[in-house]
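A.B. asks: build the 3D model from these lines:
(2 chains)
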Protein chains: 2
Amino acid sequence: MFGPRDIRLTDDQRLDWLRLVRSENVGPRTFRALLNRFGGAGAALTARPDLARRGGATRAIRVATVEEAARELAAARRRGIHLVALGEADYPRALQAIDDAPPLLAVRGRLDVLSETAVAIVGSRNASAAGMTFAERLARDLGEAGFVVVSGLARGIDAAAHRGSMASGTIAVLAGGHDRPYPPENVNLLDALVTRGAAVSEMPLGWVPRGRDFPRRNRLISGLVLGVVVVEAARRSGSLITARRALDHGREVFAVPGSPLDPRTEGTNDLIKSGATLVSRASDIIDVLKPMIGRPPPEQPIDEPLATLPLVALPADGDAREGITALLGPTPVAVDDLIRWSGAPTPTVLTTLLELELAGRLARQAGGHVALL
Amino acid sequence: MFGPRDIRLTDDQRLDWLRLVRSENVGPRTFRALLNRFGGAGAALTARPDLARRGGATRAIRVATVEEAARELAAARRRGIHLVALGEADYPRALQAIDDAPPLLAVRGRLDVLSETAVAIVGSRNASAAGMTFAERLARDLGEAGFVVVSGLARGIDAAAHRGSMASGTIAVLAGGHDRPYPPENVNLLDALVTRGAAVSEMPLGWVPRGRDFPRRNRLISGLVLGVVVVEAARRSGSLITARRALDHGREVFAVPGSPLDPRTEGTNDLIKSGATLVSRASDIIDVLKPMIGRPPPEQPIDEPLATLPLVALPADGDAREGITALLGPTPVAVDDLIRWSGAPTPTVLTTLLELELAGRLARQAGGHVALL
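C.D. replies: Alright, predicted model coming up:
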């Protein structure tokens, strides 16, 4: 166990991380659990097939090969994309504090903007002219105040936010691979913003974003920032998911109000009713965030590569595994409660969970909860 | 001293009240002080010239004559206008609780709407179509929920609020006399609304409202209601004064949000920032006010007509009066503090203050504060 910003992966370690990240049934939380359990991505890769089989996997679980990972690393390098690992100095500090931070973040553009204090501006794709004008002005003002502006490169509010902060530095968070930006009409905007800012993605090159990738991406937007500003959002819109994630991550939520007769501002008005800070000018945001600069959220320690945990998994015996699995169901339960009810030793429970996870039978959720799939 | 809703003035008493109310240098707070000091309006009228002279009045202070008051009463009666006295059963309970409630309220239309639970809707004169549409809809919805809607008969939001609540009951609060409605274009609206609702004024018939009468009138709007809803208001607008008065009176403040790019909603957005409840539909108001129905604000006891206080003023001796006056200045001071610093007996201080007040040299302010003019 060591401080979170001390690590620097070797090329081999980065290759192992990438293989593990790109393997089936390994999400960010499973990745952390595996690293904490086995002390390194390499050891986890070795133990993995056994674990998955014991967890009840009925077929071979796909693991990225050395060749596939090496090919992705080389392709990224050719395009000037850095794969920054959780715990490395270049990894964004705020993002590192969320419990499902991507183990590897693919960064195109300037790495240094990732270290700056950031605020997100998000909103409707079918925004009004007033909304886009306001978003652009707000982004410019926040940029002049020293904040990097983060958004999702979408049409409407997102694009306006990137445009307004182009000169000061902006970060586009992509839902697909770096070579598959969405929407295509914003490719020029993306190419322009990386000269002073950056684009980030947790997905492999070639990945075409599907619907479910956008909510997943939204957690990166809120994770990267001290606060999220929502400019125009209808009820049940993606921007509200980002705002919800921001609350989960302990970040500030800001919303720009609008007429109750405009469905495009129903979501933002609701946010204000629920306690979000009303924004009518940049100072409304700056006044709240300025005192937080330099006090990033608490970080979670990462064990790679100097962990002192045993490198060999303690296999759970069949009976214990069956008893623990029987206690699980579709309703999420805290791992601590599971340990208590099972009566089994903690390492046995954790190993069983990893086994189930790698077999694709278990989902890890926020707040240390797990549920059977 | 007796319960506030027990009194019923005789014709003579009402005449005395009207004479005192219409006298120079007698505002609502002075009226209350005189009544509490002398036990009745008649006794106060008798003592008044002496008091004013001792307070330093350099010329005769105008007191309404019996004839003038009788003429006003008769003219009001001819027009079907009731002069309801503070403390009488028909006097609006919520209004009675404010410390500068008008001693006499001239009511045209139905007295019974004054007893119903009310909410005010106010806003810009140069409102947007969206703002007026929303105000009208809100007024209708609040009316259907059982609230009487109070407003100021102005162009724009006020007129829309009256229109929307015409069928359920609405109260127009006038800044001038009942025969001098402002603006003239809303005379038909006024005539229509009194069939199911009412118009109220504290000013005499024939009084043409001037600029300063509108802020004064606004305290009646907030005084009559459990809450004030502001729909569209620029910075430094009259509606914000009403909202401020509502806070002074311990009433709820609601505001309808709008785009930060629209100067017509700068004031309402600011109100929400300061803690006003954001309104995007009637239920936002009803949810807050419903639990308050039947629990009106605490009332201030009125001494007329059965007070047991001595009917004769204890004149302050010259030295005491001079000492007390020397302690006063343009900065408002609490009467309690003045009593403490002067070292004089309380009745002496109170009498001196009344003297100064009637001489036009002292202003009474909210919270029991006084200042030299």
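
A.B. asks: please name the residues that touch the residue nearest the centre of chain A.
C.D. replies: Here the mean C-alpha position of chain A is nearest to the C-alpha of residue A:220 (CA atoms, centre = their mean), at a distance of 3.7 Å. Contact analysis of residue A:220 by CB atoms under 8 Å, 6 or more residues apart in numbering or on different chains lists A:95, A:102, A:173, A:200, A:202. C-beta here means a position set from N, CA and C on the backbone, and glycine is covered the same way.

A.B. asks: let me see the confidence value for it.
C.D. replies: Here, the pLDDT recorded for residue A:220 equals 97.

A.B. asks: name the residues of the stretch 51-200 of chain A found near chain B, please.
C.D. replies: Residues of the stretch 51-200 of chain A found near chain B (CB under 8 Å from any CB of the partner chain) are A:130-131, A:133-134.

A.B. asks: in those, find the pair that's most separated.
C.D. replies: A:131 and A:133 (7.3 Å; CB to CB).

A.B. asks: quick one, which of these two is more surrounded?
C.D. replies: Set side by side, residue A:131 and residue A:133 show more neighbours around residue A:131, with 26 against 15, by other CB atoms under 10 Å in any protein chain shown.

A.B. asks: how close does whatever residue of chain A ends up closest to chain B get to residue A:294?
C.D. replies: Closest approach between chain A and chain B, counting by CB to the nearest CB: residue A:257, at 3.2 Å. Note on residue A:257: its distance to residue A:294, by CB to CB, to the nearest Å, is 30 Å.

A.B. asks: and these two? Which one has more around it.
C.D. replies: Neighbours per residue, other CB under 10 Å: of residue A:257 and residue A:294, the larger number sits with residue A:257, 27 against 6.

A.B. asks: what sits against the nearest residue to that one once chain neighbours are set aside?
C.D. replies: Leaving aside its sequence neighbours, residue A:257 sits nearest to residue B:257 (CB to CB, 6 or more residues apart in numbering or on different chains; 3.2 Å). By CB under 8 Å, 6+ apart, the contact set of residue B:257 is A:257-260, A:265, A:269, A:272, A:278, B:265, B:268-269, B:272, B:278-280.

A.B. asks: just the ones of these in strands?
C.D. replies: A:278, B:278 (DSSP state E).

A.B. asks: what about residue A:292, how many residues nearby?
C.D. replies: 14.

A.B. asks: could you look up the SS state of residue A:149?
C.D. replies: strand (DSSP: H, G, I helix; E, B strand; the rest coil).

A.B. asks: got it, and the one 4 residues further on?
C.D. replies: Of the three states, residue A:153 takes coil according to three-state DSSP.

A.B. asks: report the contact partners of it.
C.D. replies: Per CB under 8 Å, 6+ apart, neighbours of residue A:153: A:159, A:162, A:172-174, A:181-183, A:186, A:189-190, A:199.

A.B. asks: return the member of the contacts of residue B:257 nearest to residue A:39.
C.D. replies: residue A:272 (46.9 Å).

A.B. asks: report how many residues lie close to that closest one.
C.D. replies: Residue A:272: 25 neighbours (other CB under 10 Å).

A.B. asks: repeat for residue A:189
C.D. replies: For residue A:189, using other CB under 10 Å, the count is 17.

A.B. asks: quick one, what contacts the closest residue to residue A:263 other than its chain neighbours?
C.D. replies: Ranked by CB to CB, 6+ apart and with sequence neighbours excluded, the top spatial neighbour of residue A:263 is residue A:234, at 5.5 Å. Residues in contact with residue A:234, defined by CB under 8 Å, 6+ apart, are A:124, A:263-264, A:266-267.
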